[in-house]
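**Student:** sequence-free structure coming up:
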């Protein structure tokens, strides 16, 4: 699950800028080649940072494999169990909820969820229609891809950006009633900014910074990038798109009205949405498992063995003992206990503090740093027709708005099918709380009323059913994500584990709110545990 | 088939700029809404520009349906036959080649092609592996999508742009031996251009053009778009990507070396590739039929009836007679004739001038305007492993180079399969002739030697087989495309047809070199023919 605003850990960014500033310019595009990494610039952590445990580690050293209880059946927990079991560990996963996957939650027809406030929804989606209520996308560089591939999960493109999706800013007074397509907004913003920089360059304003050769290279780029005319000015052009596209014979196409003046284009603030597309976590191409994000974890459960994964088993205690750990949990309203050599705990950090534990106040305090789960929400709107494709010719991607629904996602699959599901809002913070405080019907009505402004009445009349998730109201999760201060002493303390207990979860990573972070945290916990076993 | 350099018809662009200049600024983002088109801004030609003929046009008016011979079984010819037959016309398609599809040519294992110079290649591709040797992509707004949908052709994303694909400029001295990823190049180019414009704005260089409010809006955009530091300067950052990406615990990620200086970044000329992504014809999202571009035309043949489509039947004469038309063609080495009420001719314009016709010297001269078919070529390289995914983490998209191979396309499908096919060159003009003049083996060797510079030795060692197409050597096609001057008198003359003959083909369109243009030209020819029938 990715917060769109997030450029994630502040500390990481700061660190990198410090490195960037110190590493000096003049290393001309000395990319991976200079590091001896080219041409297989695979860009995963160093090989030595992940040495998966192997069965032969036990068989060749005369050790017997250990038993591990994994608390939590989300991406971190299941990956922990999967990697340990591949090496011969005996694993048991205890999941508090009625299903695995955690925040990789795919809602399909028939699925039921009850929130912490007692409100129950049952999804009435058609066969093949689903909502990825949490995690929704995977970047190519993420380790999530490796697990899809290793497990054989079929995957497909996730449409994270589309030139024909809309931008709709009603607060700026720019586009109310007039959604503008990304391609049009880009042509105008890039056109005018290119014109301005071309002008400043011509006027000598940058002569302190640029040589004559620089200036010619710059102008050459700007003329092309900004579709500038020979005099260096921007006056629209085909990249804006058309009211009616060119076809044949002498149908030249009907241009869109505009562009507006440079002041109008800047004041519309459509450019605020563009950085998303070049963001390190969000740049296309991106991917998703076919059929829903939780498919990955269904495959993982199959690999682990479903009998080793206990659902509806919330943990209430994790104690280190002389012989290992004792984990206390509830199942069928009865309190039960499991003993093992180790436990790996992947529950949301903030929810563990009421547990009966032996890890002491310092660890409790460190866990407290991640106690506030941010709110985020999504609604899936099932439509009887795919009017966004039929009428708007939008075959995927995301429409951005300054309304409280924030983002609208069009589906990346189901092309050619009759029905489809649009994510009618994906919002965070105050907006997410606003929707969460409404009943499911009211959420739907609010989302639809806003979406109609962009898509017209079909956005209301074609609707068949909806399902909404408010993450801070989901039992045993109670939040969308937490951003750790990865430079804090507490964060480092948790990496060491406590007694025979290790911690994992996206909140134990440098890439919080992404499966990538959760999966890597699992790998590191597995590795720490295994190294200890091998050293004993 | 889309030429990547092309921003297509100059006349159209000029026309639009004239309109843009005259239409005046101040129409702030008054998009389709202002035209009364919102919110279904479908952007197809006006409804009245395509009124498909219907069977009831005949049955309700007591007319009998006419017989039409269609010359050419490419997109224009098959669409002509398909639309006419839906309305009750009796159609026969004569295709000169051994297969339909024209320049929508999909090469699969077992396919054989013999060039005009007598060189024969047989494809040894594995099951499911194919090369789209001609047309390869479809934009959402294109009418091609409508035919996929009407015919029920399964389709999927075409990966026309990928932040993790490479840019490789060896002539600029910028990146030899060091392919740079799009995301890195973009971060640096957008970073420095944002810094420069921010600086010029701060220094008052643009005070004649910008108000204080404009300047603040502009700076706000630039700081975000360029990942600028608080002092307005660019010093790299996470959007460049990483040598090693951040993972968990305290693995912050290893930054790439750089960025280089502003002079180095500009001199590298990586920015020349960026406009492609915002081009009106090329912007993502784009699509392709599953299994190969010619699938669409296989579906069309099925709809028309395979018995109505004659292969290996090159036409040598089209004569208007008192009662209609007589079309002369060769089949099984025998000359044959078909008579019909009308003919619609969709052969490449330049190839018709040797035919026995009645349309006279003016039409011949007009056809001569499209006589020069531009060269273009592609090679498909089948690899035993998908190392671009495994090692480079490139799951589709296009790598751009300044070598004579020009573009390298990674596959948009087959994820998770063992083998895959890379388009090892897609080039035009002189580069295409250079490769076309080589033997197929030499073409492969030349393409591979260049690709190795970017991808390493696996680009050579994993190769299993290849197949290359040089479009100006394909019999009965002899060129990749021709760009018409759509404002010429000859172009208008051809729209009127000649006697009982009509013309269609992408060269009769405003969007030459795309299926969209061919399909619309077919629609217009069908409509002209049908209106005449209804008026008679």
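**Tutor:** Okay, I see it. A quick note: this is a predicted structure, and the numbers were derived from the prediction, not measured. Residues are numbered from 1 along each chain as shown, chains lettered A, B, ... in the order given.
**Student:** okay, now residue A:117: neighbour count?
**Tutor:** Counted with other CB atoms under 10 Å in any protein chain shown, residues neighbouring residue A:117 total 9. All C-beta spots, glycine's among them, are computed from the backbone N, C-alpha and C.
**Student:** which residues in the stretch 151-300 of chain A form helices?
**Tutor:** Listed in chain order, the helices of the stretch 151-300 of chain A (DSSP state H, counting those that start in this stretch) span A:182-202, A:212-225, A:262-268, A:295-304.
**Student:** wait, which of those helices is closest to residue B:197?
**Tutor:** Nearest to residue B:197, of all the helices of the stretch 151-300 of chain A, is helix A:182-202, at 4.5 Å by CB to CB.
**Student:** angle of that closest one against helix A:212-225?
**Tutor:** Helix A:182-202 and helix A:212-225 are oriented at 160 degrees to each other (axes from the mean of the first three to the mean of the last three CA atoms, to 10 degrees).
**Student:** Which strands and helices lie in contact with helix A:182-202?
**Tutor:** Helices and strands touching helix A:182-202, as assessed by 3 or more CB pairs under 8 Å, 6 or more residues apart in numbering or on different chains; DSSP states H and E, comprise strand A:166-168, helix A:212-225, helix A:262-268, helix B:182-202, helix B:212-225.
**Student:** Torsion angles phi and psi at residue A:76?
**Tutor:** Reported as degrees, to the nearest 10, the phi and psi values for residue A:76 are phi -70, psi -50.
**Student:** Pretty sure residue A:534 sits in a helix.
**Tutor:** Yes: counting by DSSP: H, G, I helix; E, B strand; the rest coil, residue A:534 falls inside a helix.
**Student:** what helix or strand does the nearest residue to residue A:250 once chain neighbours are set aside sit in?
**Tutor:** Leaving aside its sequence neighbours, residue A:250 sits nearest to residue B:486 (CB to CB, 6 or more residues apart in numbering or on different chains; 6.2 Å). Residue B:486 is part of no helix or strand, with elements assigned from DSSP states H and E.
**Student:** for the one 4 residues further on, same thing?
**Tutor:** Assigned by DSSP H and E, residue B:490 falls within helix B:489-495.
**Student:** want to throw the helices of the stretch 151-300 of chain A into JSON lines with mean pLDDT?
**Tutor:** Below are the helices of the stretch 151-300 of chain A laid out as JSON lines (pLDDT from 0 to 100):
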{"stretch": "helix A:182-202", "mean pLDDT": "98"}
{"stretch": "helix A:212-225", "mean pLDDT": "98"}
{"stretch": "helix A:262-268", "mean pLDDT": "95"}
{"stretch": "helix A:295-304", "mean pLDDT": "98"}
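**Student:** Those helices: which one's closest to residue A:140?
**Tutor:** The nearest among these, by CB to CB, is helix A:295-304 at 15.8 Å.
**Student:** Just checking that closest one against chain B, any contact.
**Tutor:** No: judged by CB under 8 Å from any CB of the partner chain, helix A:295-304 and chain B are separated, with a smallest distance of 12.4 Å.
**Student:** and the gap between the residue nearest to residue A:338 when sequence neighbours are not counted and chain B?
**Tutor:** Nearest residue to residue A:338, sequence neighbours excluded (CB to CB, 6+ apart): residue A:327, at 4.8 Å. Distance, residue A:327 to chain B, by CB to the nearest CB, to the nearest Å: 23 Å.
**Student:** quick one: residue A:327 and residue B:427, what's the gap?
**Tutor:** For residue A:327, the distance to residue B:427 (CB to CB, to the nearest Å) stands at 63 Å.
**Student:** before we move on, what about residue A:397?
**Tutor:** Taking CB to CB, one finds residue A:397 at 30 Å from residue B:427.
**Student:** again with residue A:200
**Tutor:** 37 Å.
**Student:** my read: residue A:351 touches residue A:478, true?
**Tutor:** Yes: look at residue A:351 against residue A:478 with CB atoms under 8 Å: they come within range, at 6.4 Å.
**Student:** Compare those two (neighbour count), which wins?
**Tutor:** Neighbour count, other CB under 10 Å: between residue A:351 and residue A:478, residue A:351 has more, with 21 against 17.
**Student:** still on that earlier bit, my read: the residue nearest to residue A:250 touches residue B:510, true?
**Tutor:** Yes: with contact defined as CB under 8 Å, residue B:486 counts as touching residue B:510 (5.8 Å).
**Student:** So those two - more neighbours on which side?
**Tutor:** Taking other CB under 10 Å, residue B:486 and residue B:510 do not tie; residue B:510 has more neighbours (27 against 24).
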